[in-house]
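[1] Task: produce atomic coordinates for the following.
(one chain, ligands or ions: 1)
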Amino acid sequence: MEEIFGPHGLIARAHPEYEYRPGQIQMAEAVLRAFTEKRHLIVEAGTGTGKTLAYLVPAIAAALARGGRTIISTGTKNLQEQLMEKDVPFLQQVLPKKFTAAYMKGRGNYACLQKIKRAETMPILDGLDEMDYFDEVRHWARDSQSGDRAELTELPEYPSFWRHIDARSETCVGQKCPDYDACFITRMRQRATDADIVIVNHHLFFADLALRGGQYGQVLPDYSAVVFDEAHLIEDVAAEYFGAQVSSYQLEDLVRDLAMLPITSVDANRELTKIAGRLTRFADNFWMGFRNGRGEEGRFPIMPGTFARKRTDGEIEATPLGDAYLGLDGALDRMETTLDALPEQPVEIESLVRRVRQLRFDLQFIVAGDDKHFVYWMERRGRGLFLRASPIDVSGLLQDKLFEKVETVVMTSATLASAGNFSFIRERLGLTEETDDLIAPSSYDYENQAVLYLPPRMPDPRAQEWPQAAADEVIKLLRASEGRAFVLSTSFAGMKALYDRVAPEIDYPCFLQGTAAKAGLLEKFRETPNAVLFATASFWQGVDVRGEQLSCVIVDKLPFAVPSDPVVAARQRYIDDQGGSSFYEYSVPQAIIALKQGLGRLIRSATDRGVLAVLDPRLRTKAYGRMFLESLPPCRVTSDIREVGRVFDKDTAFAG
Ligand code: SF4
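    Purely as a prediction, here's the structure:
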């Protein structure tokens with residue numbers, strides 16, 4: 001590793017701006033040891049460590065040495081693309097031994113050649129604009145090597161017709177497809193099978209892990225080691241895939257695909273149309289029960305007694321929603337038997353029947369709601385409704401399916417430790433004592449690059465005076481920093497309230513999350529001098545603005561997970577029921593990691609400097625506040641707004 005990362009190593013010679021970073025080499029050596037000794041490892045590597053190369057180089061070295069394949073899994077598709085487009089080509093030039101890398105995304109990202117052909121004769125487009133787009137997609141699919149829609153930079157993010165032409169597995173006929181050899185999925189798999197390093201994202205990784213060993217086979221090629229970047233996201237993604245889910249979109253898709261079956265018999269088609277109509281009616285009736293109330297978006301628990309209740313005489317009876325479920329299940333049953341008995345059996349039928357069976361199975365599991373290891377909940381998002389059953393504790397599943405099966409698992413992120421230790425992440429993921437850990441020191445000089453501002457007299461965040469007091473502090477800070485700030489709130493309501501009070505009082509351009517797409521807002525923020533962005537959780541992670549344009553990050557409250565969230569509430573209850581303290585073992589460490597993520601937006605390079613401000617007084621008034629303070633970067637702390645002003649004064653900056 002010294003030969004590669006050292007001051008005169010291969011990277012330093014290839015990259016004129018390369019800085020030697022002891023934390024990077026320390027991490028690279030720890031990762032290499034984990035590979036050679038077949039151990040698991042957790043590494044916290046804050047911004048400025050150079051963690052991507054610190055895991056990529058040993059992962060490549062180990063894959064070449066032992067001949068096995070290593071999976072690199074990232075939290076987002078953006079990071080996946082960055083690795084593939086930037087870091088991997090750089091290392092292919094620099095490293096002395098040749099290696100191959102491939103990336104895989106979820107099948108929904110790729111075009112299906114069969115469906116594109118079929119769409120040419122089917123009415124799936126919503127107007128002239130879409131016809132133009134579709135034409136563009138058709139031409140692109142003819143020439144593209146990957147079939148990944150990320151190549152279509154001119155395409156709007158979610159054109160409504162993409163759902164009709166993507167390569168998702170439910171509608172794929174596999175080897176029976178006439179385009180199987182030319183298929184983008186077949187080619188993607190082939191590239192991955194031939195590669196030493198395969199770059200995926202957590203969603204694909206856990207979708208595959210949940211399927212492995214089951215009747216649907218596997219998506220990823222076999223591997224002997226995995227590196228998770230942004231590993232703080234693993235628990236939530238794993239819970240999503242180890243559970244069951246049924247959505248209103250799935251039922252809509254079933255009806256649509258039923259109508260598209262290439263059946264020639266007039267009688268059979270008439271019967272299928274009847275079934276589709278019946279299924280639509282029963283599905284509408286079922287979802288109606290979940291649309292009642294104010295219909296606001298969010299995640300809500302499915303309460304016991306939703307589908308069945310006990311009468312006073314002790315008998316169990318179905319509720320109206322339970323009746324609606326029975327009607328829907330009956331319609332699905334009829335669809336399954338009719339499809340099975342059709343005299344014509346085109347290849348598409350097999351996958352359609354398989355989907356109906358899986359859907360009935362998942363729906364039955366959610367409606368029964370009687371497995372105490374699961375939390376049952378629903379989500380309203382856009383016009384979609386999602387019913388879910390998620391395992392409350394994924395540690396046992398991860399232990400069985402991942403840590404005991406794979407030789408080396410490396411988990412890294414800029415934020416994994418709280419109060420200097422990894423107890424939280426170890427507990428949540430089920431890691432044993434044998435798992436090594438490391439906090440790789442950052443190369444940034446936080447003492448001289450950042451100041452943490454804690455306002456001297458703030459009311460309790462639940463007090464009536466809080467919103468105005470918070471707004472007053474934000475105004476003072478923005479005047480000192482001349483805008484150039486992120487104001488991060490823990491809720492939409494808090495963000496909006498701050499924006500409404502602050503924006504009219506300052507002379508800097510203000511942007512508000514939700515008024516444009518995230519990427520567009522970030523772009524505007526980067527391009528507009530002295531801009532201020534008001535945002536919530538989705539801007540706390542994975543956002544990178546370098547330089548003076550972002551000189552101040554203000555966080556309104558400590559980011560405790562909302563206890564009304566059904567998954568959070570179930571995890572907390574589970575810990576308390578086992579005799580633990582969910583507050584200290586779950587809520588506090590989880591909020592520390594979230595706060596570190598938010599504050600991590602500020603210092604993104606060795607020359608960045610600025611002010612972190614946390615307006616929540618509990619940092620100092622509560623006993624647990626110390627755990628937060630000990631977990632933050634080692635910068636100077638002040639309650640004097642004049643010192644904040646001095647940070648931005650070019651002559652006196654950081655003089656004292
Ligand atoms: S193999 Fe499946 S995904 Fe590929 S073109 Fe054929 S149907 Fe589409």
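[2] domain parsing for this protein?
    Listed domain ranges for the chain are 2-100+195-242+394-440, 108-176, 244-389, 446-648 (source: automatic domain parsing).
[3] Of those domains, which is nearest R187?
    R187 lies closest to domain 108-176 among those, at 7.7 Å (Cβ to Cβ). C-betas here are computed from N, CA, C, even on glycine.
[4] quick one: average pLDDT of the closest one?
    Taken as a whole, domain 108-176 carries a mean pLDDT of 81.
[5] Is it positioned near the ligand?
    Yes: on the criterion Cβ under 6 Å from any ligand atom, domain 108-176 is in touch with the ligand at C112, L113, Q114, A167, C172, V173, G174.
[6] Which residue is the nearest non-sequential neighbour of the second one?
    The one in question is L113. Computed as Cβ to Cβ, 6 or more residues apart in numbering, the closest residue to L113 that is not its neighbour in sequence is D179, at 4.3 Å.
[7] Just list the residues touching the one you found, thanks.
    Neighbouring residues of D179 by Cβ atoms under 8 Å, 6 or more residues apart in numbering: L113, Q114, K117.
[8] what's the residue in the stretch 1-150 of the chain positioned nearest to the ligand in contact with, if anything?
    Here the stretch 1-150 of the chain gets closest to the ligand at one residue, C112, 3.3 Å apart by Cβ to the nearest ligand atom. Counting by Cβ under 8 Å, 6+ apart, C112 touches I165, D166, A167, R168, T171, C172, C183, F184.
[9] so where is the stretch 1-150 of the chain shaky, pLDDT-wise?
    Counting by pLDDT under 70, the stretch 1-150 of the chain contains low-confidence ranges at 122-130.
[10] Need the residues of domain 108-176 next to the ligand in a markdown table (columns: distance to L95 and secondary structure).
    Shown next, in a markdown table, are the residues of domain 108-176 next to the ligand (distance: Cβ to Cβ, whole Å; DSSP: H, G, I helix; E, B strand; the rest coil):
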| residue | distance to L95 | secondary structure |
| --- | --- | --- |
| C112 | 36 | coil |
| L113 | 36 | helix |
| Q114 | 40 | helix |
| A167 | 33 | coil |
| C172 | 37 | coil |
| V173 | 41 | coil |
| G174 | 37 | helix |
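[11] Out of those, which end up buried?
    Among those, those scoring as buried are C112, L113, Q114, A167, C172, V173 (criterion: 16 or more other Cβ atoms under 10 Å).
[12] is it true that the third one touches Y180?
    This points to Q114. No: checked against Cβ atoms under 8 Å, the pair Q114 and Y180 is beyond contact range at 9.3 Å.
[13] Can you name the next helix or strand after the worst-scoring helix or strand of the chain on mean pLDDT?
    Lowest by mean pLDDT, DSSP states H and E among the helices and strands of the chain is helix 128-143, with a mean of 81. Once the chain leaves helix 128-143, the next helix or strand it forms, by DSSP states H and E, is helix 162-165.
[14] what's downstream of that following helix, the next helix or strand?
    Using DSSP H and E, the first helix or strand after helix 162-165 is helix 184-194.
[15] That following helix packs against which elements?
    Contacts defined by 3 or more Cβ pairs under 8 Å, 6 or more residues apart in numbering; DSSP states H and E place helix 184-194 against strand 101-103.
[16] run the last query once more with 10 Å
    Applying 3 or more Cβ pairs under 10 Å, 6 or more residues apart in numbering; DSSP states H and E, we find helix 184-194 packed against strand 101-103, strand 197-201.
[17] What mean pLDDT does the longest one get?
    Across strand 197-201, the average pLDDT comes to 96.
[18] Give me the sheet partners of that strand and which way each runs.
    strand 70-74 (parallel), strand 101-103 (parallel) (DSSP bridges).
[19] ok, and the closest residue to the ligand within the stretch 351-500 of the chain, which helix or strand is that part of?
    Proximity of the stretch 351-500 of the chain to the ligand (Cβ to the nearest ligand atom) peaks at S351, 9.1 Å away. Using DSSP H and E, S351 maps to helix 348-368.
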